[in-house]
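have a look; sequence and predicted model below, questions after that.
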Amino acid sequence: MTNMDKFYADVQKIKKYDRANNAKYDGIRASKSVASLFETRTRSFGDLGISISQYWMQHYIENTKEPDNEPTDAHVQWLMTVLSYFDGELDSEHDLPKKDWKAISEFINYEAETLPINILTELMGVLVEKKVL
């Protein structure tokens, strides 16, 4: 099982747990748990994972027209794309909108002093390829 498979399976467990342990499924509550999972998975990147999960919540989850369906597979894929990017395994099949790459670039710039230089270099290299920088 790959890291991405594990993350996806854990997200499904979070959704199942919320359905089983509450009178009514709350997609926002489940999404907050998914955001927390993402933050845990990205701990080695300092506060970068927190910034990105907050961005994800604000731009994809809190503005949804159907909160009871969150997190959708598309929104989970968004987080998985970021995880692939952090793992250095981003492929051309998965991508984010340019505005999201720009936001991630800003978060990385903010955290640049706390990130190890090799990680910072790899992350910035992808942003150059994406023509964000």
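Yep, that arrived.

how about the spatially most central residue of the chain, secondary structure?
Ranked by distance to the mean C-alpha position of the chain (Cα atoms, centre = their mean), the top residue is residue 79 at 2.8 Å. Secondary structure, DSSP: H, G, I helix; E, B strand; the rest coil: residue 79 is helix.

you'd agree it is up against residue 36?
No - contact criterion Cβ atoms under 8 Å: residue 79 and residue 36 do not qualify, at 11.6 Å. C-beta coordinates here come from the backbone N, C-alpha and C atoms, glycine included.

what is in contact with these two at once?
residue 53 (Cβ atoms under 8 Å, 6 or more residues apart in numbering).

picking that back up, please name the nearest non-neighbouring residue to the residue nearest to the centre of the chain.
For residue 79, ignoring the flanking residues on the chain, the nearest one in space by Cβ to Cβ, 6 or more residues apart in numbering is residue 38 at 5.2 Å.

got the contact list for residue 28?
Residue 28 touches 61-62, 67, 70, counting by Cβ under 8 Å, 6+ apart.

ok, now how distant is it from residue 37?
Distance of residue 28 to residue 37, given as Cβ to Cβ, to the nearest Å: 15 Å.

then residue 93?
From residue 93 to residue 37 the distance is 23 Å (Cβ to Cβ).

tell me which of these two has more neighbours.
More crowded of residue 93 and residue 37, by other Cβ atoms under 10 Å: residue 37, with 17 against 7.

quick check: closest non-adjacent residue to the more buried one.
Excluding its sequence neighbours, the residue lying closest to residue 37 (Cβ to Cβ, 6+ apart) is residue 10, at 5.8 Å.

how many neighbours does the one you found have?
Using other Cβ under 10 Å, residue 10 has 16 neighbouring residues.
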